[in-house]
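Trainee: Could you look at this predicted model? Sequence included:
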Amino acid sequence: MEPSGIISNIFLFIFFAVISIFILIFVYGIFSNLKQARHNFKQPVLTIPTTIVAKRTKVNTTAHRHRGDTHRTINGTYTNYYVTFEDTSGGRVEFLNSTNSKESRYINRATTSKLFTSFKIMTR
């Protein structure tokens with residue numbers, strides 16, 4: 001066998017080995033996420049009396065720098081709204097509020113409500 005044939009066979013082996021590794025990692029990621037989701041859906045839903053103790057916002061800016069340009073072009077901003085709940089035993093948990101800004105202003109601190117969750121709130 002001539003040297004160019006050996007080199008091309010080695011290249012093909014490495015090429016397909018790398019592609020196979022990426023495919024296996026991708027498939028493993030899908031199955032591990034499905035396993036975790038199945039586990040989460042089997043957990044009991046708890047109703048916990050809570051009080052809203054804090055609200056905060058985080059404004060994020062998406063920016064894009066053009067190649068060769070020294071200026072920065074801002075493409076847009078978005079705001080995340082967070083709400084912190086405290087249960088009767090003193091455990092706190094913070095959630096990303098999926099409402100928009102108009103609905104978020106009606107969430108008041110010291111409001112008592114029931115939180116429906118399927119995981120244990122950690123206490124300090």
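Mentor: Cool, got the structure.

Trainee: show me where pLDDT drops low in the protein?
Mentor: Low-confidence segments of the chain, defined by pLDDT under 70: 1-3, 64-74, 98-104, 117-124.

Trainee: chain center to the longest helix anywhere in it: distance?
Mentor: In the chain, taking DSSP state H as the definition, the longest helix is helix 3-42. From the chain centre to the centre of helix 3-42 is a distance of 23 Å (CA atoms, centre = their mean, to the nearest Å).

Trainee: Name the strands paired with the helix or strand following it and say parallel or antiparallel.
Mentor: The C-terminal neighbour of helix 3-42 among helices and strands, as given by DSSP states H and E, is strand 46-64. With DSSP bridges as the test, strand 46-64 is paired with strand 73-87 (antiparallel), strand 112-117 (antiparallel).

Trainee: In the helix or strand that the longest one is followed by, which of the residues would be classed as buried?
Mentor: Using DSSP H and E, the helix or strand that directly follows strand 73-87 along the chain is strand 92-97. Within strand 92-97, the residues that qualify as buried are 92-93, 97, counting by 16 or more other CB atoms under 10 Å. All C-beta atoms are positioned from the backbone trio N, CA, C, and that covers glycine.
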